[in-house]
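J.: Mind looking at a prediction? Sequence and model below.
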Amino acid sequence: MTLPTASPTSPESRRPAGEMAPAVRQPIPTGRGAMAADRRRMASALREIFQSRPDAGWGWHARQGLHLGVASVPVLAISAHVFWSVSLLTVAVAVLVPLIIGLAAVVIARPHHSDRLLLAGFLWGLLACAGYDAFRLPTIYVANWWGDFFGSVGGWATATHSDFLVGYLWRYIGDGGGIAVAFFALAATLGTASWSRRTTIAMAVAYAVCPVWTGLVLTDLLAPHSRQLFPLTATTLIVSLVGHLIYGTIMGVGYWHSRRLEAFWPFQLRFGRDQLGDWAWGSWRGAPTG
């Protein structure tokens, strides 16, 4: 039995031994074919970035909207009062209390493990606020470098001239705890459990500086006359910045120690995971969702 051989005049017979045959060029899709291929590539890329479990549906996202609403209203309400004379009492009664009631009803009726992460954020926010005040209060009551405007904040919330008790409750529960809740939600969505400790703390410090400290300074800078929170001087800018650096550092340390709870967060934008992130995502993936 003889095998077919290439014709002496064929391209195969003229090609030197060992030389590969040229690759067959595939036609480049154009028109609708090209658009469909682009959509498939984009969908594949988005699936790599957006990773969610089945429990991260619209209900879960609405739940996080309630969490973030309760966390952000106390901070935004101060700006609303400064710029538009919206009473903190009005905001508390008309907006904040209904949000808290709605969130409490959802958390009690349909608990979800992701609530643990936000609770940890709230508690670490209280601790970070206390660390900030351990530095801030001596600059007010010992060094007399600036005033304590949280008496005025309490007065805005109670329609009185000054109320330090309510002002500091607003500061700790609303501002300190709420800002940290928002940060923990952001960090979990970015998959920060896979980051190094230094990077996690650096992100928290950056968040405390911008938008938190920057927003405070801009609110004071742009406030109408007689509604400023404190006089803007080199001293007050430096002291307030250092306080926010302390707050951000403690908050970052808190997230680092709470990073295992990120496994309960069912929706993430992940731009590459290292060994720790793979361990956290995989070892807790089968955890019940409530």
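T.: Now that the structure is in, tell me what you want to look at.
J.: for the stretch 151-290 of the chain, what spans make up the strands?
T.: 267-269 (DSSP state E, counting those that start in this stretch).
J.: How much space separates the closest residue to Asp115 other than its chain neighbours from Ser240?
T.: Leaving out its chain neighbours, the residue that sits closest to Asp115 by C-beta to C-beta, 6 or more residues apart in numbering is Val107, at 5.8 Å. For the C-beta atoms, the positions are set from N, CA and C on the backbone; glycine is no exception. From Val107 across to Ser240, the span is 34 Å (C-beta to C-beta, to the nearest Å).
J.: between the two, which one's more packed in?
T.: A direct count of neighbours by other C-beta atoms under 10 Å for Val107 and Ser240 places Ser240 higher, at 21 against 17.
J.: ok, now which ones touch that one?
T.: Listed by C-beta atoms under 8 Å, 6 or more residues apart in numbering, the contact partners of Ser240 are Arg136, Trp213, Leu216, Val217, Phe230.
J.: got a pLDDT number for it?
T.: Note on Ser240: pLDDT of 97.
J.: Most widely separated two among the contacts of Ser240?
T.: When C-beta to C-beta is used, the two most widely separated members of those are Arg136 and Val217, lying 15.1 Å apart.
J.: What about Leu237, how many residues nearby?
T.: 14.
J.: right, and it touches Leu216 too?
T.: No: contact criterion C-beta atoms under 8 Å: Leu237 and Leu216 do not qualify, at 10.2 Å.
J.: re earlier: more neighbours: which of Arg136 and Val217?
T.: Arg136 (21 against 18).
J.: who are the neighbours in contact with that one?
T.: Counting by C-beta under 8 Å, 6+ apart, Arg136 makes contact with Val239, Ser240, Gly243.
J.: May I ask you to confirm that the last one is in contact with Phe135?
T.: Yes: taking C-beta under 8 Å as the definition, Gly243 is a contact partner of Phe135 at 5.6 Å.
J.: Quick one: the helices in this protein, in order.
T.: For the chain, the helices defined by DSSP state H cover 11-14, 32-49, 58-84, 88-91, 97-109, 114-141, 150-158, 164-169, 177-189, 197-207, 214-222, 234-257, 275-283.
J.: ranking these by mean pLDDT, which is last?
T.: helix 275-283 (a mean of 43).
J.: Excluding residues flanking it in the chain, which one is nearest the spatially most central residue of the chain?
T.: Nearest to the mean C-alpha position of the chain, counting by C-alpha atoms, centre = their mean, stands Leu186 at 1.7 Å. Leaving aside its sequence neighbours, Leu186 sits nearest to Tyr207 (C-beta to C-beta, 6+ apart; 7.4 Å).
J.: ok, now which ones touch that neighbour?
T.: So Tyr207 contacts Phe183, Leu186, Gly248, Met251 (C-beta under 8 Å, 6+ apart).
J.: redo that, cut-off 10 Å
T.: Ile179, Ala180, Ala182, Phe183, Leu186, Ala187, Trp213, His244, Tyr247, Gly248, Met251, Gly252 (C-beta atoms under 10 Å, 6 or more residues apart in numbering).
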